[in-house]
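> for reference, the sequence and a predicted model appear below.
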Amino acid sequence: MQGSIEVILNAKAGSQKVDETQEVIAKVLRESGRSFHISIASGDDLGNVAEAKSASNCAVLVAGGGDGTICCVAAAALKHRKTLGVIPLGTFNYFAKNLKIPLAPGEAAKVIVAGRTVRASVLELNGRLILNNTSIGIHPAVLLKRRQIYRRWGRNQLNAYLSVALTAFQPPPRLRVRLATEKGETVRETPLVMVCSNAFQMEAFALAGKECLERDQFALYVARMGGRLTIPRLGLRVLLRRLRAGVDYDVICTSDVTIETLRRRQVRAAVDGDLERLESPLRFCVGEDELCVIAPGEQLER
C-alpha cells in the first residue's frame, strides 16, 4: 500500500522508552521510502491527535500502544475511512495477536510497509467502537487493583497476574442484570458479564464461543454465581484453562444485546483493557462498517 503514513505513539505505553521506539519505527519507514510522520501523545490528547491526523490526506493511520490506544486510533480511522496500522506496545496486545502482528516494534513496522490489508468486523457499544471486549463485574475490579500495583511496582505481565490473585479473595460482586437479545430477555445475578469478539483471547483462556465469530456475531459470557468461593474457583480455572461452558459460565451468540444493570445506573467497566464508568443500559451490536487493518502478508507470517 502506498501513500503517506501517520504514526501516533502513546507516550506511556510499553516498557521501552518512547524515543527509542520512535527511532526503531522511523528507521524502518525511512528505509521503505514512504512519506511518514510520527506524533507522540497520551491521555485525552490521543483522541484529539487521532482525529486530526485521520482527517488529513494520509493513507495509513498507525496506532502505537496497548489495546486501549489502538481502539482510540481505530475509531478515528474507521470514521475517516483510513487503513489502520498497529504497533503493539501494551501488556497483552490481544488485537495484534489476533491478527498475528509481531510484538517487536521494528517487525510490526515492517508489516505496515509490506503487509496486506484485511477487513475486520468490529463491535459498537452505544455507538462507539470496541475492538476486543467489554466487561462489568469482577474484571474491572481486577483492573483497578492492577492499576494500583503498576503505580507501585511497574507495568509487566507478572504484576498483571498478581492483581488477579489479590482480587480473587475479595467478596464477589453480585450484579443483577437484564439481558435483552433478539431471542428475548432474561434477568441474571452474576459476578461477571463480558462481551468478546476476539478469537485469540477466546483461545488464550480456552473459552467457548468461536462459533459465534464464524456466524459474524460476538460472544456474550455470563458467569454463574456459586457462593463465596465463586471468584477464587473461577480465577483458578482461568489460570489452568479449565473453565467449563454451561457449568462455570454461559455463552450466548448474538449480534445485538442490551445489558441493563438493575441495582445502579452507573457501572464500572473494562473497555478494551481500560477502566471507565458507563451509564446503563449498555447496547452492543456488530458495527455496520468493517475496519481496514494491515496484517502480515504470507511472506511475513512464516
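That came through, no problem. Residues are numbered from 1 along each chain as shown.
> so what's G127 up against?
Not one residue lies near G127 by Cβ atoms under 8 Å, 6 or more residues apart in numbering. Where C-beta positions appear, they are placed from N, C-alpha and C, glycine not excepted.
> look up how far L61 lies from it.
In this view, G127 and L61 are 20 Å apart by Cβ to Cβ, to the nearest Å.
> in this structure N98 contacts N198, no?
Yes - under the criterion of Cβ atoms under 8 Å, N98 makes contact with N198 at 5.2 Å.
> find residues that contact each of these two.
Contacts common to N98 and N198, judged by Cβ under 8 Å, 6+ apart, are N132.
> and T69, helix, strand or coil?
helix (DSSP: H, G, I helix; E, B strand; the rest coil).
> any idea what the residue nearest to it when sequence neighbours are not counted is bridged to?
Once flanking residues are discounted, T69 sits nearest to N10: 4.4 Å by Cβ to Cβ, 6 or more residues apart in numbering. Note on N10: beta-bridge partners A41, judged by DSSP bridges.
> point out where this structure drops to low pLDDT.
Low-confidence segments of the chain, defined by pLDDT under 70: 1-2, 14-16, 144-172, 298-302.
> how does it divide up, domain by domain?
As recorded under automatic domain parsing, the domains making up the chain are 5-122+290-301, 130-286.
> all strands of the stretch 201-302 of the chain, in order?
Assigned by DSSP state E, counting those that start in this stretch, the strands in the stretch 201-302 of the chain fall at 218-223, 249-254, 256-261, 266-271, 274-279, 282-286, 291-295.
> out of these, nearest to S54?
For S54, the closest of these is strand 291-295, at 12.3 Å, according to Cβ to Cβ.
> spatially central residue in the protein, please.
Central residue of the chain (Cα atoms, centre = their mean): D272, 3.2 Å from the mean position.
> doesn't L282 make contact with R265?
No - contact criterion Cβ under 8 Å: R265 and L282 do not qualify, at 11.2 Å.
> re the thing from before, does the residue nearest to T69 touch V62 like I think?
No - if you go by Cβ under 8 Å, N10 and V62 don't touch, sitting 11.6 Å apart.
> the more surrounded of these two?
Shown here are N10 and V62; by other Cβ atoms under 10 Å, V62 has more neighbours (29 against 26).
> make sure the more buried one is indeed in a strand.
Yes - read with three-state DSSP, V62 is one of the residues of a strand.
> so which bits of whatever helix or strand V195 lives in are buried?
If you go by DSSP states H and E, V195 is part of strand 192-196. In terms of neighbour count (16 or more other Cβ atoms under 10 Å), strand 192-196 has its buried residues at L192, V193, M194, V195, C196.
> residues contacting the last one?
Residues in contact with C196 (Cβ under 8 Å, 6+ apart) are N132, N133, M202, L207, G209, F218, A219, Y221.
> can you give me the helices for the stretch 1-150 of the chain?
18-32, 45-54, 67-79, 94-98, 105-114, 138-153 (DSSP state H, counting those that start in this stretch).
> in a markdown table, list those helices along with distance to E185.
Below are the helices of the stretch 1-150 of the chain laid out as a markdown table (distance: least, Cβ to Cβ, whole Å):
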| stretch | distance to E185 |
| --- | --- |
| helix 18-32 | 47 |
| helix 45-54 | 34 |
| helix 67-79 | 29 |
| helix 94-98 | 30 |
| helix 105-114 | 43 |
| helix 138-153 | 24 |
